[in-house]
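[1] sequence-free structure coming up:
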């Protein structure tokens, strides 16, 4: 086969592809554009998590200082995995696991989840903590310091897989709905970015 015959063969092969070939090319171009836009879309929503994964070391250090100043380890233990029994007039309350473990700790909590708990006592699951945790005091923490604490507990503390025991409080004293009234009576709703949402 000489060069002219080879060229004629290639052209014939292209012609034989018909309209389906052009449709496939358009489909491929559409898919490429779709995935490019999808990646941009995902990047937009994942940006806060990427930023958290690469924090300012000074922010984590500030959070560590604040955790020590607040004596978080006194109740949540030295590794912050919790489990310490706290006696109260109505029964025993066990401190929670505040390590970034995703199964038993706060590893799946967003900043808003964390700040809401610290300022109002309301957990990600929607219930109010017993006031063994002094969240009326923590409600006065500034937004900058709250971000530092969150960065420290998420990135400066090793995750510990440890399930904490449920409170040993008999019914009806174990009911949590009266705590909403107690929270309102104890302190004003703090003026901060989380409380306003």
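    Okay, I see it. This one's a predicted model, so the numbers in the text were calculated from it and none came from an experiment. Numbers count the residues shown, from 1 in each chain.
[2] Any buried residues in stretch 105-122, and which?
    For stretch 105-122, the neighbour count (16 or more other C-beta atoms under 10 Å) marks 105-106, 109, 111, 113-122 as buried. (Each C-beta comes from the backbone N, C-alpha and C, glycine too.)
[3] a markdown table please, covering the residues you listed and showing pLDDT, distance to residue 129 and secondary structure.
    As requested, these are arranged in a markdown table below (pLDDT from 0 to 100; distance: C-beta to C-beta, whole Å; DSSP: H, G, I helix; E, B strand; the rest coil):
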| residue | pLDDT | distance to residue 129 | secondary structure |
| --- | --- | --- | --- |
| 105 | 95 | 15 | coil |
| 106 | 96 | 13 | coil |
| 109 | 96 | 14 | coil |
| 111 | 96 | 18 | helix |
| 113 | 96 | 13 | helix |
| 114 | 96 | 13 | helix |
| 115 | 95 | 14 | helix |
| 116 | 92 | 11 | helix |
| 117 | 91 | 7 | helix |
| 118 | 92 | 10 | helix |
| 119 | 88 | 12 | helix |
| 120 | 86 | 9 | helix |
| 121 | 85 | 5 | coil |
| 122 | 88 | 8 | strand |
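[4] Which SSE is immediately downstream of the worst-scoring helix or strand of the chain on mean pLDDT?
    Least confident element among the helices and strands of the chain, by mean pLDDT, DSSP states H and E: helix 18-53 (a mean of 49). Downstream of helix 18-53, the first helix or strand assigned by DSSP states H and E is helix 57-69.
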